[in-house]
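1. sequence and predicted structure are below.
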Amino acid sequence: MSTISIVVPVFNNAPSLPLLLEQFQALAATRPEHRFEFVFVDDGSADESCRVLAELVAAEPRATLVKLSRNFGSSAAILAGMEQAAGDAVAAIAADLQDPPELIGEMLSRWQQGRKVVLAARETRDDPWLTSLLADAFYALFRRFAVPTMPKRGFDFFLVDRQVRDLLVGIQENNAYLMGLILWLGFSPDVIPYHRRPREKRFGRSMWTFAKKLKYFIDAFVGFSSAPLRAASATGAVCCALGFVYAVVIVVRRLGYGADIQGWASLMVVLLFVSGVQMLMLGVLGEYLCRNLAETRRRPRFVRDYVIEGDKIKTRRQEEENKGRDVRNEE
């Protein structure tokens, strides 16, 4: 009997968690040939999510709560859950019920057919038009300049084989774009299209702020594409060429007419434009250097505060004490 792990990153999702667990339990009932475990990762929630999860875990022996010490982001939370997961296959799904948990059944069927990576790709979505427009533009750029195999409207909902899970957990990158890493590994992903539901008001508002979206965008391109650097180089070359042409015009006018070209305004426009381009290129270089610095620091991608499995609780301190005790006993 194979074990299936379902990992759920949780950030201020208290209202939806009981219903989500009920849907997981219903899914498990339809798949008696598998053993299920449900790994919830509280990513520094400020609401009652942690308390609700502790109560759910106490009542459901197949559930586990991983409490992170603060908010590390969705990708880090999923990786923390994958590290905890013991399944032969691991699925990851958001906690807001916009993605259909019942689709995991179809993903499992594809996995049993030999697929090691199964993606649930958004074919349509009920989001505000501006959100949809910007998301489509992001994925179009990412497909063009970074990873061509990215589904047209992206994905956040997936299932991977244990082999792929081990590879993902073993990649020690800070600020990693997890969805890009899954595609970068290869394994010929199988894609299942689905309609993404609108977020119900009773489940609160989305925590996906503009600042998080911007960081997501930057991490994706810096991690998988050199296009921003090449664009900065090309822009610099164009500005250099224009500056040279303008310098030639000034010299010709000076020699031919014996007077300087009048025009303080035009001079300032050129100066400000070139200075702005230089600052933009420095910013692009800074993003790459900043991530290089983060990698050299070798800080952990996430910090677990404690883990609750059924009625058991393990703090990281207790685990360290147990390891130290075992070492002393061996000596």
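-> All right, it came through fine. Numbering: from 1, shown residues only.
2. distance of the closest residue to Phe11 other than its chain neighbours relative to Arg197?
-> Nearest non-adjacent residue to Phe11, counting by CB to CB, 6 or more residues apart in numbering: Asp43, 4.6 Å away. For the C-beta atoms, the positions are set from N, CA and C on the backbone; glycine is no exception. Counting by CB to CB, to the nearest Å, the gap from Asp43 to Arg197 is 22 Å.
3. okay, those two: which has more neighbours?
-> Asp43 (26 against 13; other CB atoms under 10 Å).
4. would you agree that one is in contact with Val8?
-> No - between Asp43 and Val8 there is no contact under CB atoms under 8 Å: 10.2 Å.
5. what ranges does the stretch 101-250 of the chain have for its strands?
-> 117-125, 155-161, 190-196 (DSSP state E, counting those that start in this stretch).
6. what's the most buried one of the ones you listed?
-> Most buried of these by mean neighbour count (mean count of other CB atoms under 10 Å) is strand 155-161; its value is a mean of 23.
7. parallel or antiparallel, which strands does that one pair with?
-> Using DSSP bridges, the strands paired with strand 155-161 are strand 89-92 (antiparallel), strand 117-125 (antiparallel).
8. could you redo those strands as TSV and give each row distance to Thr235?
-> Rendered in TSV, the data for those read as follows (distance: least, CB to CB, whole Å):
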stretch	distance to Thr235
strand 89-92	38
strand 117-125	33
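9. and those strands, which one's lowest on average pLDDT?
-> For those, the weakest mean pLDDT is recorded on strand 117-125, namely a mean of 84.
10. before we move on, back to that, the residue nearest to Phe11: what's it in contact with?
-> By CB atoms under 8 Å, 6 or more residues apart in numbering, the contact list for Asp43 reads 9-11, 68, 71-74, 76-77.
11. again, only this time at 7 Å
-> Asp43 is in contact with 9-11, 68, 71-72, 77, counting by CB atoms under 7 Å, 6 or more residues apart in numbering.
12. the stretch 51-200 of the chain: helices as residue ranges?
-> Remark: helices assigned in the stretch 51-200 of the chain by DSSP state H, counting those that start in this stretch are 74-84, 103-112, 129-145, 162-170, 178-185.
13. which of those helices is buried the deepest?
-> Counting by mean count of other CB under 10 Å, the most buried of those turns out to be helix 74-84, with a mean of 24.
14. can you name the residues in contact with stretch 95-105?
-> Taking CB under 7 Å, 6+ apart as the rule, stretch 95-105 contacts 6, 8-10, 13, 16-17, 19-20, 23-24, 27, 30-31, 91, 93, 120, 157, 159, 192, 194, 196-197, 199, 203.
15. still on that earlier bit, could the helices of the stretch 51-200 of the chain be laid out in CSV, adding distance to Leu271 and mean pLDDT?
-> Listed next are the helices of the stretch 51-200 of the chain as CSV, based on distance: least, CB to CB, whole Å; pLDDT from 0 to 100:
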stretch, distance to Leu271, mean pLDDT
helix 74-84, 42, 91
helix 103-112, 56, 93
helix 129-145, 31, 77
helix 162-170, 48, 92
helix 178-185, 39, 88
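16. among those, which comes closest to Gly286?
-> helix 129-145 (19.4 Å; CB to CB).
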